[in-house]
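**Student:** Make a model of this:
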Amino acid sequence: MTTNALKQLQRREFMRRSSALALAGSAAPWALSLAGIGEAAAAAAPGDYKALVCVFLYGGNDYANTVIPYDAASYNSYANIRQTIATPRDQLAATALSPSVALAGGRQMALAPQMGKLKAIFDAGRLGVLFNVGTLMQPTTLAQYKAASVPLPPKLFSHNDQQSVWQSSLPEGSTSGWGGRMGDQFLAANGNATFTCINVSGNAVFMAGQQAVQYQLSSSGAVAINGISRPLFGSQACADALRSLITADRSHWMEQELNRVVSRSVSAQSIVNGALASLPALATPFDSSSGLSSQLQMVAKLIAARSTLGASRQVFFVSIGGFDLHDFLPTQHPGLLSTINDALASFYDATVELGVADKVTSFTASDFGRTLTSNGDGSDHGWGSHHMVMGGAVQGGRFYGTLPSATLGGPEDVGQGRLLPSTSVDQLAATLATWMGVSASELPRVLPQISGYSQRDLGFFG
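**Tutor:** Below is the predicted model:
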């Protein structure tokens, strides 16, 4: 191997490892997460824009108190099982759902009482409810689960492991997620590849691709690199000297790569903050006291700045925690659902204001669902869960997937009302990826396990 070839190999390996380092944890310097991206030359096609927004509910959302049985028979079964943590039926009348396609057997469902704004979006046909979605390695029956005759997600009911499988389709320790791998497909379509995958809540494997690396910023905007954003030790000359040191060309290939990454981060900060500063204020109100609302407001601003950022396809990630409610479910869960209700409704209204409602799709995700049974004041770790998908392109006002029975020992109960998923995360992801423009031939690159599913489109885009 020649010296030049060796240097090129070392340089590529350094870039690959830098990308992996950026995923090591939320404490990693955000600037380093820009490593390994080559700027695409192609400009975004005018008017051709789509964005996907993942809203992750950390801790495992309680599905049974989010989308609640409402017909008398199903509700009575639910209430008899949940007892002290069941939502009273008389609180559900205002959020009872009337889908365009009725459920079999006269069954009815309601959203939690705190989700009235999302109920209105459902009624307007722009929000759909997905039943019993969860992590799977392949289609799995209850008999196969009990016999352990098919591969199962590793370490079921574990927070870290199931967060990883949800976000990456791979065990904990994976260095890429399906949101990032989707972003890989669109790097060349964006005028500035840096802004393909944007995380407003820290760090998540969901947003890391094989080439695309998540660009992290806060709900206030791009985070400045300390020491060069203002006078250092009271001296602008010191700040300028530091900037020169960390961005200047170097002779050693490792120094070159590090300084190139830092230079790009400085440039990205300038582009983002400049783009945001030039925007007119959004008329849509967001709750500034809510972290989730503030994150989604920033996403809305970045979407408004898409032309300046050179974006044609973007994937975003926001999150909210607090859902691991083994205790205090009746007092704490309603507040979390109210936060989601207000934040998602404001975000949808903002996309309408910006004229891009049909170009932006949001969906909820979580570690897992929880047990249908009560442990007294809460619920325990489960598996499948109900989720929502929202946007102007969504064929809403409908339910998708298979509604589980509101009983214990049913055909999808693996114990204590833990649901064996009837719809896999991979099927949900494939539907979203196809809408974004990922071709059928490229879909296995985004979702390596999708070949095991005959149904790859859940139909909520029509």
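**Student:** so where's the stretch 101-250 of the chain shaky on pLDDT?
**Tutor:** 224-230, 232, 239-240, 242-247 (pLDDT under 70).
**Student:** Where do the strands of it begin and end?
**Tutor:** Assigned strands in the stretch 101-250 of the chain, in chain order: 109-111, 127-134, 197-199, 215-216 (criterion: DSSP state E, counting those that start in this stretch).
**Student:** Which stretches in the chain count as helices?
**Tutor:** Counting by DSSP state H, the chain has these helices, from start to end: 3-21, 72-82, 116-123, 142-147, 159-168, 178-184, 236-247, 253-277, 291-304, 306-309, 329-353, 425-436, 443-446.
**Student:** Kindly reformat these as JSON lines containing distance to residue 193 and mean neighbour count.
**Tutor:** For the C-beta atoms, the positions are set from N, CA and C on the backbone; glycine is no exception. Supplementary listing: these in JSON lines, determined by distance: least, CB to CB, whole Å; neighbours: other CB atoms under 10 Å:
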{"stretch": "helix 3-21", "distance to residue 193": "13", "mean neighbour count": "14"}
{"stretch": "helix 72-82", "distance to residue 193": "48", "mean neighbour count": "17"}
{"stretch": "helix 116-123", "distance to residue 193": "33", "mean neighbour count": "19"}
{"stretch": "helix 142-147", "distance to residue 193": "42", "mean neighbour count": "12"}
{"stretch": "helix 159-168", "distance to residue 193": "21", "mean neighbour count": "22"}
{"stretch": "helix 178-184", "distance to residue 193": "9", "mean neighbour count": "28"}
{"stretch": "helix 236-247", "distance to residue 193": "20", "mean neighbour count": "14"}
{"stretch": "helix 253-277", "distance to residue 193": "10", "mean neighbour count": "17"}
{"stretch": "helix 291-304", "distance to residue 193": "15", "mean neighbour count": "23"}
{"stretch": "helix 306-309", "distance to residue 193": "11", "mean neighbour count": "19"}
{"stretch": "helix 329-353", "distance to residue 193": "24", "mean neighbour count": "20"}
{"stretch": "helix 425-436", "distance to residue 193": "16", "mean neighbour count": "22"}
{"stretch": "helix 443-446", "distance to residue 193": "17", "mean neighbour count": "19"}
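**Student:** looking at those helices, which is closest to residue 408?
**Tutor:** Judged by CB to CB, the one of the helices of the chain that comes nearest to residue 408 is helix 72-82, at 6.2 Å.
**Student:** Quick one: distance of that closest one to the chain centre.
**Tutor:** 32 Å (CA atoms, centre = their mean, to the nearest Å).
**Student:** So which elements touch that helix?
**Tutor:** Packing contacts for helix 72-82, counted by 3 or more CB pairs under 8 Å, 6 or more residues apart in numbering; DSSP states H and E, involve strand 67-69.
**Student:** and the gap between the closest residue to residue 419 other than its chain neighbours and residue 161?
**Tutor:** For residue 419, the nearest residue in space outside its immediate sequence neighbours is residue 384; the separation is 3.3 Å by CB to CB, 6 or more residues apart in numbering. Applying CB to CB, to the nearest Å, the value for residue 384 to residue 161 is 16 Å.
**Student:** what does residue 349 give?
**Tutor:** Taking CB to CB as the measure, residue 349 and residue 161 are separated by 36 Å.
**Student:** Single out the most deeply packed of the strands of the stretch 101-250 of the chain.
**Tutor:** When the strands of the stretch 101-250 of the chain are scored by mean count of other CB atoms under 10 Å, the highest mean neighbour count falls to strand 197-199 (a mean of 28).
**Student:** so what secondary structure elements neighbour it?
**Tutor:** helix 178-184, strand 215-216, strand 313-320.
**Student:** Report the strands that pair with that strand, each with its relative direction.
**Tutor:** strand 215-216 (parallel), strand 313-320 (parallel) (DSSP bridges).
**Student:** would you turn those into TSV with distance to residue 438?
**Tutor:** Output for the strands paired with strand 197-199, formatted as TSV (distance: least, CB to CB, whole Å):
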stretch	distance to residue 438
strand 215-216	20
strand 313-320	10
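**Student:** hey, least reliable of those strands by pLDDT?
**Tutor:** The stretch with the lowest mean pLDDT among the strands paired with strand 197-199 is strand 215-216, at a mean of 93.
**Student:** so how far is that strand from its chain's centroid?
**Tutor:** For strand 215-216, the distance to the chain centre is 14 Å (CA atoms, centre = their mean).
**Student:** Please apply the same query to stretch 368-375.
**Tutor:** Centre-to-centre, stretch 368-375 and its host chain are 22 Å apart (CA atoms, centre = their mean).
**Student:** Return the residues in contact with the residue nearest the centre of the chain.
**Tutor:** Using CA atoms, centre = their mean, the residue of the chain that lies closest to the mean C-alpha position is residue 54, 2.3 Å off. With contacts taken as CB atoms under 8 Å, 6 or more residues apart in numbering, residue 54 has the following neighbours: 179, 206, 315-318, 362-363, 365.
**Student:** Of those residues, which is the nearest to residue 289?
**Tutor:** Distance to residue 289 across the contacts of residue 54 (CB to CB) is lowest for residue 318, with 16.0 Å.
**Student:** measure the closest one to residue 347 for me?
**Tutor:** Applying CB to CB, the value for residue 318 to residue 347 is 9 Å.
**Student:** list residues touching both of these two?
**Tutor:** Residues within reach of residue 318 and of residue 347 at once, by CB under 8 Å, 6+ apart, are 53, 296, 299.
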